[in-house]
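[1] Model the structure of this input:
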Amino acid sequence: MATENKTELISCTFPDCNAHFETEAQLKRHKRTTPEHDYCAICDKDFEDDQEFLVHKIESPKHIVCPICNKDFRSEEGQHLHLKQVRGHLLAEVAPCLTHSRPMLPNKISDVSVVARSSSVPAD
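    Below is the predicted model of the structure:
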């Protein structure tokens, strides 16, 4: 007599997604590769939208990210070079982060400490 091994499928954690998986690894791969899912694979967290995901990446010490275009970096040096070369037109004088009371992403360009403003703040 054969016995059936029924494993309970794991549902995708995003509300509008009806996908199901046999393993947690398959679920995580799905969330990483589905553009409609704002998922942080490093922290294993889901986010409602890309803005919430960006805020998470800016605030988390596990991430090095451009606060303007959301590009990830392997090092702070790479991020600072990007901000200086590619995003130089959006750099402004030191300003507190909109969600914190401390300056965000200090950089030194032309002997003036600057900080990247969030894309939600209009450039001067």
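
[2] Can you name the residues that contact the spatially closest residue to residue 19 that is not a sequence neighbour?
    Counting by C-beta to C-beta, 6 or more residues apart in numbering, residue 19 lies nearest to residue 12, which is 4.4 Å off, once chain neighbours are set aside. Just so you know, the C-beta spots here come from the backbone N, C-alpha and C atoms, and that holds for glycine as well. If you count contacts by C-beta atoms under 8 Å, 6 or more residues apart in numbering, residue 12 has them with 18-21, 27, 30-31, 37.

[3] what's the distance between residue 12 and residue 43?
    18 Å (C-beta to C-beta, to the nearest Å).

[4] which stretch of helix or strand covers residue 78?
    Under the criterion of DSSP states H and E, residue 78 resides in helix 76-85.

[5] What are the buried residues along that helix?
    79-80, 82-83 (16 or more other C-beta atoms under 10 Å).

[6] just stretch 17-24 next, same as before
    Under 16+ other C-beta under 10 Å, the buried positions of stretch 17-24 are residue 21.

[7] Kindly report the same for stretch 47-56.
    Under 16+ other C-beta under 10 Å, the buried positions of stretch 47-56 are 47, 53-54, 56.

[8] Among those, which pair sits farthest apart?
    The span of the buried residues of stretch 47-56, defined through C-beta to C-beta, is set by 47 and 54 at 8.8 Å.
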